[in-house]
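**Student:** sequence and computational prediction follow.
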Amino acid sequence: MEPASAKPVVVFRYFGRFGHFLRAEASASALSYPIPPRTVLLGLIGAVLGLEKDTPQALLKDALIAVSGAQPSTHWHRAKLRKDPPAPLPLRVKAGAKGSDAPEKATLIKQEWLLNPNYQVTAQLPTLHHDALVRRLREGAWHYSPCLGLSEMNAELEFIATGTATPLTGDQQVNCHSLVRQDLVTVEGQRFLEDGLELQVLRMPRDVTPDRVFSHANYLVERQGRPIPVRTAHAWLVSLPGRDSHVMFL
């Protein structure tokens, strides 16, 4: 029998050829987060469910989402952005007209593209939306095409399994198979040295208001996507058919 505190979860793979998750602090050079933030994953789920733009952050505010995966290699791509709209066509076009030769006002910026990004997402939504998400992931059917940050970068979604997530009771030592909130864990540095783990701190958006005001949190990520040994009271045991693992929701 499942514990009363257990929640249903769905696990799916989120991957593609290219990805770009624009960093909030980026300016001229378009840096990318190596892992999709919670706000991006809410938008992705909203696209699958057919929610209107900017509504998932409110409708799915209480959703539980965890993400894991190795940091992909990157490529710097130079993108051309126009600063002015194209000149309107004249009402009458004469034969032999070649158009305007005025110089185009444009700028070139660099974008950091992720190569072959591949992540595993664990999600628990309010009941109505959760059931719809599970069904659509199983059937491979979504309202809007999923993407990896930019609409031009198509994403693939692959259903893995459904299961349950149960919160741990009390402070425990666990190997966490996802990103972890830095402020909710105690890291045992000796374990990292012994196992040769590569730890990085990422500050990423966690929530956003309808007025586009973001709140952030610091997360710990292992560069190769290996489990992170931490002591915490905020981990969850995710039970899937044939395997169990611990995660922390973003």
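**Tutor:** Sure thing, it's come through. Residues are numbered from 1 along each chain as shown.
**Student:** where does this structure have low pLDDT?
**Tutor:** 1-4, 27-29, 80-89, 97-107 (pLDDT under 70).
**Student:** give me that answer again for 80
**Tutor:** Across the chain, the ranges flagged by pLDDT under 80 are 1-4, 25-29, 54, 79-109, 188-195, 210-212.
**Student:** phi, psi for the residue of it most remote from its centre please.
**Tutor:** Largest separation from the mean C-alpha position in the chain: A95, at 51.8 Å (Cα atoms, centre = their mean). Reported as degrees, to the nearest 10, the phi and psi values for A95 are phi -60, psi 130.
**Student:** cool, and Q57?
**Tutor:** Note on Q57: its backbone torsions stand at phi -60, psi -30 [degrees, to the nearest 10].
**Student:** run through the bridge partners of the nearest residue to it once chain neighbours are set aside.
**Tutor:** Once flanking residues are discounted, Q57 sits nearest to V208: 5.0 Å by Cβ to Cβ, 6 or more residues apart in numbering. Where you see a C-beta, it was placed from the backbone N, CA and C, and this is true even at glycine. Legend: beta-bridge partners of V208 under DSSP bridges are F214.
**Student:** so what's V208 up against?
**Tutor:** 39, 57, 214-215 (Cβ atoms under 8 Å, 6 or more residues apart in numbering).
**Student:** and these, which two are the farthest apart?
**Tutor:** Farthest apart among those by Cβ to Cβ are Q57 and S215. That separation is 10.8 Å.
**Student:** how about stretch 166-173: buried residues?
**Tutor:** By 16 or more other Cβ atoms under 10 Å, the buried positions in stretch 166-173 come out as T166.
**Student:** start to end distance for that stretch?
**Tutor:** 16 Å (Cα to Cα, to the nearest Å).
**Student:** chain center to it, what's the gap?
**Tutor:** With Cα atoms, centre = their mean, to the nearest Å as the basis, stretch 166-173 stands 25 Å off its chain's centre.
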